[in-house]
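Student: A structural model of the following input is requested.
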Amino acid sequence: MFMSRYLRFWLYCLIGIVVCSCSIMPDELKTAERLMETEPDSALHILQRMSPDNYKSAPDRALYGLLLIRALDKNMLPLQPDSLLDFSTKYYLTHGDDEHLATCYLYKGRKYKYASKYEKAMEFYLKGLDMAQTKNYTLLLARINLDLGDIYLQQRDYNLSRQKFNLAYTHFVSIKMQELAFYSLLSVGRTYHNAKDYKKAQNFYRKVNSYAKDSLQKASLLQERAINYYDDHKLDSAKVYFQQVIRYPYVGNNLAIRYYYFADLLFDLKQLDSAFYYAKNAFRYQPDILTQRECYRILTNVDYLKGNMKEMSMYMNKYVALGDSLRRIDTQTKGSVLEVLYKTDVEVVKSRSRFWYLFAFFVIMLVTGGLFYFRYTHRNRLEKLQAEETHVKQKAGIRKEVMINHRNALHKKIDAIKSKQSDERKKASPAEKEQLNRKMYEVLLHLNDIDIFYRGMDAVLNNLVTKLRTRYPMLTAKEISWCCLSLLHVPITDIYMLLDYKVDSLKKMRQRLAQKAGLTGVTELDGFLHDILSE
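Tutor: As a prediction, this is how the structure comes out:
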């Protein structure tokens, strides 16, 4: 009897120890999750004290990985390691936890967005958005729309970007998240600024002024107003605002942006030493790739005017290298196109799902009447073929839109560069004008590096280069380059210059190209290229 009571006592003690040891970790996870929005630094401190290896259960390990990534993002730190978020995503995908899975998709999208890999980021954002809309997860809807607005803003889809920011603002207001609602409004104003509607942007910023509640929000608003005045060439007003905002607190790379724009302003005002100082110091505050490139531009120009040719050459090389990186980013498929494709694919999947439900119904109906079975099966097959045909047509239309958008953007950039060089071009000799044109196309299309040029053309012309090289191996590099330039509507005089052709030699080249492609004449070349483009 005594031994029995003794054994029960120790058994209860053992059970108590096991229960306590299993509950300590989840309690800390709950604390970190509760502090995530209000005190993210404390949440991160709690999580970093722990190790994922301490979590034996898969649910706790998955929650730990997701919370750590959230805390890192809140504290503006790299979203590493990848393995934690990958484990969480896989776990929530297999266990049907839609809210946590959609949150994983949000942060996987952000990870790629921060690296300017917009196509990969869109893949996860759209999955998360679809799930959040289906289940009405308001906070996730707000955050994903805010991030999508950022991508569309970078890709110059200003109207669509504005729609996303306004959606984010509406959702944040509905759940009383004032800070994020304010920054959503600020982003709406940025869409007007980036679209060069400076007056509307400034009026919008004045309206937003009353929404700024703390020094960080006021600093962000002052910064946007200063940049808007500067790009509107109102240098005196811009200088006043920059001198104010530089003394304000900042987060992330905001101080680097302020220093860059202030340096550019000071350069315009011929204050070279001050411009050099601010452009140089911008690198201390985590500048993004665009800010880095523009700072190198300012440093290059200052050293050129001072006659420091060695330093100028060093900064110029860095400026050119970053320009190449930005061009690669710009060649990515637009997020708006990917969103249309995603929605189209979802509709096709739903259509196929409906098909199988109907098919099962028809099988049941087969017991009572073969006639109905065959009739409904035939009708459904037609619906499926029509849906797939519509899908193919939509994709072809989207590819054409991508090419047209790229072509229009190219011509706008050409016009902008020529406008900036107008004074220089008026004084330039024909040879100098030709050199300016060559440099312009090297910057815009990277024609001096045929591999980069071909990759860029494949991205916007539906793999045209790869198809031509595979199907017609006898084509020369100049013949393939002419095909690309022709589809981009590059002026014929510029094609002569870029490919070093005269009128007669270009005519003969086109004749050879038509023969190699098996065409009866050069008049069929346009149709031949557009057929390949639309495949």
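Student: Just the endpoints, please. Distance across stretch 259-277?
Tutor: Distance between the two ends of stretch 259-277: 9 Å, counting by Cα to Cα, to the nearest Å.
Student: Contacts for that stretch next, please.
Tutor: For stretch 259-277, the external contacting residues (Cβ atoms under 8 Å, 6 or more residues apart in numbering) are 226-227, 230, 235, 238-239, 242, 246, 278-279, 281-282, 285, 287, 291, 294-295, 298-299, 301-302, 305-306. In short, each C-beta sits where N, CA and C put it, glycine included.
Student: one more time with 6 Å, if that's ok
Tutor: With contact meaning Cβ atoms under 6 Å, 6 or more residues apart in numbering, stretch 259-277 is reached by 227, 230, 238, 242, 278-279, 281-282, 291, 294-295, 298, 302.
Student: Which of these fall in helices?
Tutor: In this view, the contacts of stretch 259-277 that belong to helices under DSSP state H are Ile227, Tyr230, Ala238, Phe242, Tyr278, Ala279, Asn281, Thr291, Glu294, Cys295, Ile298, Val302.
Student: got a list of what the last one touches?
Tutor: Read it as Val302. Val302 makes contact with Leu272, Ala275, Phe276, according to Cβ under 6 Å, 6+ apart.
Student: still on that earlier bit, filter the contacts of stretch 259-277 down to the buried ones and hand me the PyMOL line.
Tutor: Buried subset of the contacts of stretch 259-277, written as a PyMOL selection, criterion 16 or more other Cβ atoms under 10 Å:
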select buried, resi 227+230+238+242+278+279+282+291+294+295+298+302
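Student: for whatever helix or strand Lys310 lives in, packing partners?
Tutor: Lys310 belongs to helix 309-330 when assigned by DSSP states H and E. The helices and strands touching helix 309-330, judged by 3 or more Cβ pairs under 6 Å, 6 or more residues apart in numbering; DSSP states H and E, are helix 289-306.
Student: what about the helix it packs on, average pLDDT?
Tutor: Per-residue pLDDT over helix 289-306 has a mean of 94.
Student: Report the angle between that helix and helix 309-330.
Tutor: For helix 289-306 against helix 309-330, the angle by axes from the mean of the first three to the mean of the last three Cα atoms, to 10 degrees is 150 degrees.
Student: ok, now how distant is the residue nearest the centre of the chain from Asn194?
Tutor: Nearest to the geometric centre of the chain sits Tyr118, at 3.3 Å (Cα atoms, centre = their mean). Going from Tyr118 to Asn194 by Cβ to Cβ, to the nearest Å gives 16 Å.
Student: Domains in this protein, by residue range?
Tutor: 333-420, 445-535 (automatic domain parsing).
Student: Can you say which of the ones you listed is nearest to Arg70?
Tutor: Distance to Arg70, taken as Cβ to Cβ, is lowest for domain 333-420 among the domains of the chain, at 23.2 Å.
Student: how many neighbours does Leu322 have?
Tutor: Residue neighbour count, defined by other Cβ atoms under 10 Å, stands at 19 for Leu322.
Student: Hmm, it is touching Thr291, no?
Tutor: No. Contact criterion Cβ atoms under 6 Å: Leu322 and Thr291 do not qualify, at 9.9 Å.
Student: Pull up the gap between His378 and Val367, please.
Tutor: The value you get for His378 to Val367, if Cβ to Cβ is used, is 19 Å.
Student: still on that earlier bit, any idea which of the domains of the chain scores lowest on pLDDT?
Tutor: Least confident of these, judged by mean pLDDT, is domain 333-420 with a mean of 70.
Student: And the next helix or strand past the one helix or strand Ser88 maps to?
Tutor: Secondary structure assignment for Ser88, by DSSP H and E: helix 82-95. The C-terminal neighbour of helix 82-95 among helices and strands, as given by DSSP H and E, is helix 98-114.
Student: Give the buried residues for that next one.
Tutor: Buried, per 16+ other Cβ under 10 Å, within helix 98-114: 98, 100-113.
Student: hey, C-alpha coordinates of that helix in PDB?
Tutor: Only the C-alpha atoms of helix 98-114 are listed here, as PDB (Å, rounded to 0.1, in the frame of the first residue of the first chain):
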ATOM      1  CA  ASP A  98      -4.800  29.000 -44.400                       C
ATOM      2  CA  GLU A  99      -4.100  32.200 -42.300                       C
ATOM      3  CA  HIS A 100      -0.600  31.200 -41.300                       C
ATOM      4  CA  LEU A 101       0.100  29.900 -44.800                       C
ATOM      5  CA  ALA A 102      -1.100  33.200 -46.300                       C
ATOM      6  CA  THR A 103       1.200  35.000 -43.900                       C
ATOM      7  CA  CYS A 104       4.100  32.800 -45.000                       C
ATOM      8  CA  TYR A 105       3.400  33.700 -48.600                       C
ATOM      9  CA  LEU A 106       3.400  37.400 -47.600                       C
ATOM     10  CA  TYR A 107       6.900  37.100 -46.100                       C
ATOM     11  CA  LYS A 108       8.300  34.900 -48.900                       C
ATOM     12  CA  GLY A 109       7.000  37.600 -51.300                       C
ATOM     13  CA  ARG A 110       8.700  40.300 -49.300                       C
ATOM     14  CA  LYS A 111      12.000  38.400 -49.300                       C
ATOM     15  CA  TYR A 112      12.100  38.400 -53.100                       C
ATOM     16  CA  LYS A 113      10.700  42.000 -53.300                       C
ATOM     17  CA  TYR A 114      13.600  43.300 -51.100                       C
END
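Student: for that helix, what is the average pLDDT?
Tutor: In this model, helix 98-114 carries a mean pLDDT of 94.
Student: Show me what that helix packs onto, helices and strands only.
Tutor: If contacts are counted by 3+ Cβ pairs under 6 Å, 6+ apart, helix 98-114 sits against helix 82-95, helix 118-135, helix 138-154.
Student: now Leu153, nearest residue through space, not along the chain?
Tutor: In space, and not counting its chain neighbours, Leu153 is closest to Ser161: 4.3 Å by Cβ to Cβ, 6 or more residues apart in numbering.
Student: cool, and Ala226?
Tutor: Here the residue nearest Ala226, using Cβ to Cβ, 6+ apart, is Tyr241, at 3.5 Å.
Student: show me what contacts that neighbour?
Tutor: By Cβ under 6 Å, 6+ apart, the contact set of Tyr241 is Leu222, Arg225, Ala226.
Student: repeat that for 8 Å
Tutor: Applying Cβ under 8 Å, 6+ apart, we find Tyr241 in contact with Leu222, Arg225, Ala226, Tyr229.
Student: would you turn these into CSV with pLDDT and distance to Asn437?
Tutor: Shown next, in CSV, are these (pLDDT from 0 to 100; distance: Cβ to Cβ, whole Å):
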residue, pLDDT, distance to Asn437
Leu222, 94, 41
Arg225, 95, 38
Ala226, 94, 35
Tyr229, 94, 34
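Student: returning to that earlier point: and of the domains of the chain, who's closest to Asp150?
Tutor: Asp150 sits nearest to domain 333-420 of all the domains of the chain, at 9.7 Å, using Cβ to Cβ.
Student: can you tell me the distance between the two ends of the closest one?
Tutor: Domain 333-420 has an end-to-end distance of 28 Å (criterion: Cα to Cα).
Student: same question, stretch 326-342
Tutor: Taking Cα to Cα, stretch 326-342 runs 26 Å from one end to the other.
Student: residues in contact with it?
Tutor: For stretch 326-342, using Cβ under 8 Å, 6+ apart, the contacting residues are 116-119, 122-123, 126, 130, 148, 151-152, 155, 157, 160, 289-290, 293, 394-395, 398, 401-402, 405, 446, 452, 455-456, 459-460.
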